[in-house]
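S.K.: sequence plus predicted model, see below.
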2 protein chains.
Amino acid sequence: MVAARHATLAPQQGKERLRLWVRILRVSRLIEAELRDKLKTEFDTTLPRFDVMAALYREPDGMLMSDLSRYLLVSNGNVTGIIDRLVADGFVVRALREGDRRTSVVSLTKTGRTFFAKMAAVHEGWVNARFADIDEDEARELASVLQSFRSNWEAET
Amino acid sequence: MVAARHATLAPQQGKERLRLWVRILRVSRLIEAELRDKLKTEFDTTLPRFDVMAALYREPDGMLMSDLSRYLLVSNGNVTGIIDRLVADGFVVRALREGDRRTSVVSLTKTGRTFFAKMAAVHEGWVNARFADIDEDEARELASVLQSFRSNWEAET
DNA sequence: CCTAGATATTTTAAGCTTGAAATAATTCAG
DNA sequence: CTGAATTATTTCAAGCTTAAAATATCTAGG
């Protein structure tokens, strides 16, 4: 009987959580699409480039390629291509690290830092405007649920 | 004075909302990465293919290419390629529509429906397991915030 | 009828993305 | 010291993605 009750209840819960996931995904894609569009028209750049520059901006001493890909949740080979193009455009430099010739430390150039700082300010305005409908408490609450979600994830893995 | 107070308060709020966005994006990417990986190993397919099949599964009479791209929030040309491959694999058919030779109606084949149904059940289990930590009330609350967010968005646009 | 504009889709070029294989350098057990 | 395993990165092939240009078709105004 307990088993039977569980069997009728579980699918309901599953649906609720599946719905949550679909909505997270949808909102996330809507916003990503908007940001991509604005980055393109206002700064002639892309979201992946923005993400890479954001990561590097937080680490003035530079990052290893592998740190970068781990932090951004993308594959190694992916980062190589994006960095190649950022280097070609003069926003990023690769430096050899003394004592380990396998690794290279990438960091923003002065030009890159200046450019990113300008973008970041405008970008924050976009996000702020887009989330204007969500009040402070909701934002904090939601952020904390997501934060603990991620903590649990990382604890498991 | 009011202006000054606003000036010191606004950035704080901005940061809170920016943090929320970064966390939505991060959770979304974590889960997407996991689902992509599982779809690959268990069903030898991709997330975009799964998304397209999910959309078609809900519409047994088929969809226009433009409906599909609007629904999935991706570009027209994108859908063309994915459908091409699904057709090549026998999961989808393109049908000409009587009276308008510009459009083509795409729908799942019997094979496609069967295959998707199997995937969807397993997929729901993955999502359910992944969100197990989030309790029912939180899930409902979060889903409702996201839902109203999206409604506001669509009202504006 | 005819043609100008609108609509539906595909094609194209460039960039993003992955997973796997290849390259290169380091470390460490014997 | 040497070679096997490990680590860091790049290369590669296939697929995804976009925006813009090209095709093809349809609709309406004249």
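M.R.: All right, it came through fine. Numbers count the residues shown, from 1 in each chain, chains lettered A, B, ... in the order given.
S.K.: is A:L142 in a helix, a strand, or coil?
M.R.: Three-state assignment for A:L142 (DSSP: H, G, I helix; E, B strand; the rest coil): helix.
S.K.: hmm, it is touching B:R17, no?
M.R.: No - A:L142 is not in contact with B:R17 according to CB atoms under 8 Å; the separation is 10.1 Å. Bear in mind the C-beta positions are built from the backbone N, C-alpha and C, glycine included.
S.K.: which residues are in contact with each of those two?
M.R.: Taking CB atoms under 8 Å, 6 or more residues apart in numbering or on different chains as the criterion, A:L142 and B:R17 both touch A:I134.
S.K.: all the helices of chain A, in order from the start?
M.R.: Across chain A, reading from the start of the chain, the helices by DSSP state H fall at A:2-43, A:47-57, A:65-72, A:76-88, A:110-130, A:136-156.
S.K.: most packed of those?
M.R.: Per-residue neighbour counts averaged over each of these give the maximum for helix A:47-57, namely a mean of 19 (mean count of other CB atoms under 10 Å in any protein chain shown).
S.K.: report the distance from that one to the chain centre.
M.R.: Here the centre of helix A:47-57 is set off from its chain's centre by 9 Å, with CA atoms, centre = their mean, to the nearest Å.
S.K.: do that helix and DNA strand C meet?
M.R.: Yes - with CB under 7 Å from any atom of the strand as the measure, helix A:47-57 is seen reaching DNA strand C through A:47-49.
S.K.: got it, and stretch A:102-121?
M.R.: Yes - applying CB under 7 Å from any atom of the strand, one finds that stretch A:102-121 is in contact with DNA strand C at A:R102.
S.K.: got a pLDDT number for A:D100?
M.R.: Taken from the predicted model, the pLDDT recorded for A:D100 is 94.
S.K.: quick one: name the residues of chain A near DNA strand D.
M.R.: When proximity is defined as CB under 7 Å from any atom of the strand, chain A approaches DNA strand D at A:33, A:36-37, A:40, A:64-67, A:76-77, A:79-81, A:83-84, A:94, A:100, A:102-105.
S.K.: rerun that using 6 Å as the cut-off
M.R.: Residues of chain A lying close to DNA strand D (CB under 6 Å from any atom of the strand) are A:36-37, A:40, A:64-66, A:76-77, A:80, A:102-104.
S.K.: quick check: the farthest pair among these?
M.R.: For the residues of chain A next to DNA strand D, with distances taken as CB to CB, the pair at the greatest spread is A:D37 and A:R102 (38.6 Å).
S.K.: which residues of chain A lie near DNA strand C?
M.R.: Listed as neighbours of DNA strand C in chain A under the rule CB under 6 Å from any atom of the strand: A:46, A:48-49, A:74-78, A:81-82, A:85, A:100-102.
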